[in-house]
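[1] The sequence and its predicted three-dimensional model are supplied below.
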Amino acid sequence: MERSDLTIIDGIVGMDGIGGPTRGDTVEIGVIVVGDNVVEADRRAG
């Protein structure tokens, strides 16, 4: 398995409320996180 050189996490539109990923309300968040370290990018996105 090759190491990834770039990690892109998009949070352009998210889901809010009860019902998980299929029955919640959509929320425009407008965030994109980009980094060369997948762990750090995930930590910053969360």
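    That came in fine, so what should we check first?
[2] Check the gap between D16 and T7 for me.
    Using CB to CB, to the nearest Å, one obtains 24 Å as the distance from D16 to T7. All C-beta spots, glycine's among them, are computed from the backbone N, C-alpha and C.
[3] Neighbour count for these two, which is higher?
    Neighbour tally, D16 and T7, criterion other CB atoms under 10 Å: the higher count belongs to T7, 16 against 10.
[4] which ones are touching R44?
    Applying CB atoms under 8 Å, 6 or more residues apart in numbering to R44 gives the contacts 33, 35.
[5] Shouldn't it be within a helix?
    Yes: R44: assigned to a helix according to DSSP: H, G, I helix; E, B strand; the rest coil.
[6] Wait, A41 touches L6, no?
    No: between A41 and L6 no contact is recorded; they are 9.2 Å apart, counting by CB atoms under 8 Å.
[7] No further queries at this time; thank you.
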